[in-house]
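Chemist: I'd like to go over a predicted model; first the sequence, then the structure.
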Amino acid sequence: MNVHDSEKIAGIFAESGHEESTGKGDADVIVLNTCSIREKAEHKFYSDLGRLKKAKANNPDLKIAVAGCIAQQEGKKLFKRFPYIDFVFGPNNIDSLQTLINGNALATLKRHQPTFIDVNPDYPSMVLPVKRAGEVKAWVSIMYGCDNFCSYCVVPYTRGRERSRPSTDIYKEAEKLAAEGFKEINLLGQNVNSYGRKLDEDIDFPALLYKLHEIEGIERIRFVTSHPKDFSEKLIEAMRDLPKVCKHMHLPVQAGSDNVLALMNRKYTYKEYKEKIDLLKSNIPEIAITTDIIVGFPGETDEDFRLTMKALSEIEYDGIFAFKYSKRPGTKALELPDHVDEDNKSERLSEVQKLQENITYNKNKLLEGRTVEILVEGASDADKEKLTGRTTTNKIVNYYGGSSDIGKLINVKILDAKMHSLSGEKR
Ligand code: SAM
Ligand code: SF4
């Protein structure tokens with residue numbers, strides 16, 4: 001989501017005639033688009049900001065802007081603590097940058113203090129310019145904010161209440177992407193399953209998928225993230241029946257213990273979650289499933305943690321993102337008793353990761369010798385001689401091929417499976 005917000009920020013600059021700097025100290029304006037989901041992301045921002053103080057001292061004309069969730073969370077306090085910051089804007093008023101830049105040379109801009117209290121009510125129906133990072137796959141926001149208030153999570157406070165974009169705007173954006181040659185769209189929302197809930201139109205997420213599926217030129221549709229409590233049979237059927245919808249489901253479980261899930265305010269039990277996974281697997285046998293895990297949530301006992309380990313062994317995810325619980329300002333979990341100490345959290349995290357590495361590796365190994373279809377995205381980061389693409393199940397595949405393959409669906413025979421990628425030869 002932040003990556004895509006950065007594309008919007010870059011789009012606004014590009015539209016107003018600004019160019020990307022070389023990154024070697026020649027920038028007139030630097031925007032730090034921040035994340036506050038965990039403490040580590042915040043630390044990174046503050047150390048980057050510290051480095052910019054020097055840059056500003058060397059070049060007083062340099063403008064420094066802070067965007068994203070820390071901007072929303074800290075608001076005006078940032079100006080007080082770091083007087084060398086020029087602008088602050090949150091994820092719900094990226095458009096304010098447009099007003100700032102339009103008709104002004106950046107150098108003449110006055111310091112700007114947007115309002116932080118309210119989310120811009122018009123933001124969901126705004127169509128902002130986007131400077132996209134690639135040419136094959138594109139992010140498309142379908143909704144903003146979140147109403148779920150998981151007790152550990154800062155998102156509802158920084159990104160505000162859930163609001164869906166009108167489906168016609170999403171459709172037009174996807175059509176434009178297809179006309180520009182993009183082949184894959186990745187629909188973004190904190191809880192895509194509740195798409196449309198507050199819209200005047202009669203539409204839900206599966207219906208949106210059916211609608212977007214019609215667009216000629218778009219070959220693949222992905223989406224993140226789904227909340228298990230709203231993950232429906234209707235969506236499973238849409239995923240099964242729509243060939244362009246990729247056979248990959250990211251369904252964050254967070255924990256395997258019902259006690260912990262209740263404390264997290266996740267509104268499902270592990271049994272309910274597992275039943276949905278079983279239904280998904282029985283409808284779409286080739287489905288790849290990934291998840292998010294939080295270890296060391298306040299009150300998580302050894303016994304609770306064992307239930308998370310059991311869930312991982314039982315479900316056999318294709319991959320996981322695992323995090324140590326991180327205290328977030330203003331969240332309910334802060335007030336819970338029995339916070340887990342840091343060493344214990346670290347031990348649990350490495351235990352989870354070790355177990356999952358085995359599962360992921362063994363699953364990838366099963367693909368050796370098989371021919372898979374990938375959408376080719378471009379040169380591989382690791383080896384520029386090779387091309388890289390993804391299977392419908394979101395596995396990365398590298399192979400030797402010509403640049404004319406980029407943007408095409410190509411069959412590749414898997415020769416070697418590693419933990420994070422597969423390599424193969426073109427068929
Ligand atoms: N909306 C999505 C959902 O409900 O799963 C994803 C939200 S969040 C951007 C991505 C992941 O970060 C979450 O699934 C959770 O595992 C993790 N996360 C959020 N807050 C956290 C915290 N305070 N400490 C550790 N991990 C956290
Ligand atoms: Fe955060 Fe929960 Fe909303 Fe996901 S569903 S963004 S974890 S509050």
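Modeler: All right, it came through fine. Numbering: from 1, shown residues only. Ligands and ions are numbered 1, 2, ... in the order given.

Chemist: alpha carbons only for contacts and neighbour counts from here, please
Modeler: OK.

Chemist: what residues does the protein put near ligand 2?
Modeler: When proximity is defined as C-alpha under 6 Å from any ligand atom, the chain approaches ligand 2 at Cys146, Asn148, Phe149, Cys150, Cys153, Val155, Pro156, Gln190, Asn191.

Chemist: filter those residues down to the ones in strands?
Modeler: Applying DSSP state E to those, no entry is found in strands.

Chemist: most widely separated two among these?
Modeler: Greatest spacing in those, by C-alpha to C-alpha: Cys153 and Asn191 (13.4 Å).

Chemist: quick one, strands of the stretch 201-350 of the chain?
Modeler: Assigned strands in the stretch 201-350 of the chain, in chain order: 220-224, 248-250, 288-295, 319-324 (criterion: DSSP state E, counting those that start in this stretch).

Chemist: need the ones you listed in CSV with mean pLDDT, can you?
Modeler: Shown next, in CSV, are the strands of the stretch 201-350 of the chain (pLDDT from 0 to 100):
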stretch, mean pLDDT
strand 220-224, 98
strand 248-250, 98
strand 288-295, 98
strand 319-324, 98
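
Chemist: Arg38 is nearest to which of the ones you listed?
Modeler: strand 319-324 (8.9 Å).

Chemist: which parts of that closest one are buried?
Modeler: By 16 or more other C-alpha atoms under 10 Å, the buried positions in strand 319-324 come out as Gly319, Ile320, Ala322, Phe323, Lys324.

Chemist: tell me what that strand is packed against?
Modeler: Using 3 or more C-alpha pairs under 8 Å, 6 or more residues apart in numbering; DSSP states H and E as the contact test, the elements touching strand 319-324 are strand 288-295, helix 342-365.

Chemist: so where is the stretch 51-200 of the chain shaky, pLDDT-wise?
Modeler: Within the stretch 51-200 of the chain, the segments meeting pLDDT under 70 span 102-119.

Chemist: and the helices in it?
Modeler: 68-74, 77-81, 96-101, 155-158, 167-179 (DSSP state H, counting those that start in this stretch).

Chemist: picking up where we left off before, out of the buried residues of strand 319-324, who's near ligand 1?
Modeler: Among those, ligand 1 is touched by Phe323, Lys324 when using C-alpha under 6 Å from any ligand atom.

Chemist: return only those of the residues of the chain next to ligand 2 found close to ligand 1.
Modeler: The residues of these that also fall near ligand 1, by C-alpha under 6 Å from any ligand atom, are Cys153, Gln190, Asn191.

Chemist: give me the neighbour count for the first one.
Modeler: Looking back up the chat, that one is Cys153. Neighbour count of Cys153, defined by other C-alpha atoms under 10 Å: 23.

Chemist: returning to what we had before: looking at the ones next to ligand 1 among the residues of the chain next to ligand 2, spot the one nearest Ser16.
Modeler: Distance to Ser16 across those (C-alpha to C-alpha) is lowest for Gln190, with 30.0 Å.
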